[in-house]
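>>> Sequence and predicted structure, then a few things I'm wondering about:
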Amino acid sequence: MMPEQAAEQAATAALAERDAIQANLLELDQGFTRRLLDGAPLTGLTRQRWDAASAKLASLWETYMAYSAVVDRVAELGAGGRRPAKKDLPELTGLLTGTSVRLTPVKAPLARRDLADTGRRELTIAASVAEMRTAFSEVAEVTSAVEAVWGAVGGKLDAAAEELGKCRTLMGGLGVEVQAEFRDAESSLDSQRAGANADPLALWHAGQVDTSAADRLRDQVKGLGTRIAELDRLRAAAQGRIDALSARVAAARAARQEAVATWRRAAERITEVPSLPPDIADPPLAALSALATAGQWTRLQAEIDRCEAGLTAAAAQTTETTRSAEAALGRRDELRGLLGAYKAKAARLGAAEDRDLAQRYDQARNLLWTAPCDLAVAAAAVTGYQQAISRWKGGGGGG
């Protein structure tokens, strides 16, 4: 029989230990993961281990209820800061040290039952606690592993789902190839999520979560998201460029009309002018729209690049035609000016009445004031007139 003080201390310790066990059991039993496991359609290894853990948890509660009833009696006899009565010491000692926890578990099937099996078990408080501790660890190991898998894998799958959600609003019209890739990613996400929910322990190996499949999916979706964003950018840019093509064609045609007018003025006055710039073709809007409808954005960009390059080349030709025509007219006017200046010079030298000079002047003037004017011949005539003036001046000096 235990001494009064030792019995009181043991009773107080047993009560504190029971309260701690109760708190931990309630936390385990009411935990979110445990409730999810109870309601989930589990498969595979998780189904097998959770069935065993659930049975273990039920047995743990049965042990606890019997154990707790004994501890309640112990508390009545000698806990709470009061010494147990001497008359209660034998009972208290028996409860604390003897096989006071009596269990009546469900009997095993007859084929697995011992002939002498009564279906009853008797344990000491310490043995009950040791048994519950082992069962608690086994159940907590399962729930902790499942929680770790759901946390690690679920986070990665959630990130992939979020990225796919952002992509979903952009999918319309991006093309069958990227849409098929998007559907494959969604299917893989659904499959992995269903697998992780139904059999999370299939991803638990040697105390570590296998996230390789989720990592690959996350990387795949990230790459897909980047590609979709780029295609969306191309789509937006392409639509803007398609809309701008008509305006660019109209501007190019207006510039060509001005160039043609300048060319005609030059052609009426000059014998050799550059050829007219080519007509500006209508943009292939129907073909471009068909590519957009098919989601062939890369090819569409190439076609728009080709159209824009053609317009840029046409604009350059138009500019060159205008420049050349205006240069030809300017050259004629320049030669006219030079001819007048040379005539004035001849007059100052007193050579205005010189027959040869007069003939050369008349020849150059007729060339420059006759339409169309041959600029090369006219320029040679003006140069010849200027050289003749220079020679005449020298001749006059010699006389």
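Arrived safely, thanks for sending.

>>> going forward, measure contacts between C-alpha atoms and count neighbours the same way
Noted.

>>> what about the strands in the chain?
101-103, 121-123, 204-205, 208-209 (DSSP state E).

>>> ranking those by burial, who's on top?
Among the strands of the chain, the stretch with the highest mean neighbour count (mean count of other C-alpha atoms under 10 Å) is strand 101-103, at a mean of 19.

>>> That one: partners in the sheet, and parallel or antiparallel?
Counting by DSSP bridges, the strands paired with strand 101-103 are strand 121-123 (antiparallel).

>>> report the longest helix in the protein, please.
Secondary structure assigned by DSSP state H gives helix 212-269 as the longest helix of the chain.

>>> Let's have the strands of the chain in a markdown table, adding distance to Asp190 and mean pLDDT.
Listed next are the strands of the chain as a markdown table, based on distance: least, C-alpha to C-alpha, whole Å; pLDDT from 0 to 100:
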| stretch | distance to Asp190 | mean pLDDT |
| --- | --- | --- |
| strand 101-103 | 46 | 91 |
| strand 121-123 | 48 | 90 |
| strand 204-205 | 20 | 94 |
| strand 208-209 | 19 | 94 |
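
>>> re the thing from before, average pLDDT for the longest helix of the chain?
Taken as a whole, helix 212-269 has an average pLDDT of 88.

>>> tell me what that helix is packed against?
In terms of contacts (3 or more C-alpha pairs under 8 Å, 6 or more residues apart in numbering; DSSP states H and E), helix 212-269 is packed against helix 125-168, helix 176-198, helix 285-293, helix 297-349.

>>> got the angle for the shortest one vs helix 212-269?
Put plainly, it is helix 285-293. Helix 285-293 runs at 170 degrees relative to helix 212-269, counting by axes from the mean of the first three to the mean of the last three C-alpha atoms, to 10 degrees.

>>> could you say what helices and strands helix 285-293 packs with?
helix 212-269, helix 297-349.

>>> That one: which residues count as buried?
Using 16 or more other C-alpha atoms under 10 Å as the test for burial, helix 285-293 gives 288, 291-292.

>>> hmm, back to that, got the strands of the chain as a markdown table, with distance to Leu174 columns?
Output for the strands of the chain, formatted as a markdown table (distance: least, C-alpha to C-alpha, whole Å):
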| stretch | distance to Leu174 |
| --- | --- |
| strand 101-103 | 68 |
| strand 121-123 | 71 |
| strand 204-205 | 39 |
| strand 208-209 | 37 |
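
>>> looking at those strands, which is closest to Glu230?
For the strands of the chain, proximity to Glu230 was assessed by C-alpha to C-alpha; strand 208-209 is nearest, at 34.0 Å.

>>> Just checking: what are the partner strands of that closest one?
When DSSP bridges is applied, strand 208-209 pairs with strand 204-205 (antiparallel).

>>> follow-up on the earlier one: the helices and strands packed on helix 285-293: which one's closest to Pro372?
Closest of the helices and strands packed on helix 285-293 to Pro372 is helix 212-269, at 4.1 Å (criterion: C-alpha to C-alpha).

>>> so how far is the first residue of stretch 345-360 from its last?
Taking C-alpha to C-alpha, to the nearest Å as the measure, stretch 345-360 stretches 14 Å from start to finish.

>>> Contacts made by that stretch with the rest, please.
Applying C-alpha atoms under 8 Å, 6 or more residues apart in numbering, the contact partners of stretch 345-360 are 343, 381, 384-385, 388-389, 392-393.

>>> and if you look at stretch 325-340?
With contact meaning C-alpha under 8 Å, 6+ apart, stretch 325-340 is reached by 262-263, 266, 269-270, 273-274, 361, 364-365, 368, 373, 375, 378-379, 382.

>>> lowest confidence element among the helices and strands of the protein?
helix 375-398 (a mean of 80; mean pLDDT, DSSP states H and E).

>>> counting contacts, what elements does that one pack onto?
Checking 3+ C-alpha pairs under 8 Å, 6+ apart, helix 375-398 ends up next to helix 297-349, helix 355-368.

>>> can you rerun that using 6 Å?
helix 355-368 (3 or more C-alpha pairs under 6 Å, 6 or more residues apart in numbering; DSSP states H and E).

>>> Helix 297-349 and the helix it packs on, what's the angle between them?
Here helix 355-368 points in a direction 150 degrees away from that of helix 297-349 (the same axes, to 10 degrees).

>>> Would you pull up how far stretch 186-194 lies from the middle of the chain?
19 Å (C-alpha atoms, centre = their mean, to the nearest Å).

>>> Can you give me the neighbour number for the residue lying closest to Ala196 once chain neighbours are set aside?
Nearest non-adjacent residue to Ala196, counting by C-alpha to C-alpha, 6 or more residues apart in numbering: Trp150, 6.9 Å away. Neighbour count of Trp150, defined by other C-alpha atoms under 10 Å: 21.

>>> cool, and Gln9?
By other C-alpha under 10 Å, the residues close to Gln9 number 18.

>>> try Arg168
Neighbour tally, Arg168, other C-alpha under 10 Å: 14.

>>> before we move on, what about Cys307?
19.

>>> likewise the one 4 residues further on?
The number of residues packed near Leu311 is 21, by other C-alpha under 10 Å.

>>> All set now, cheers.
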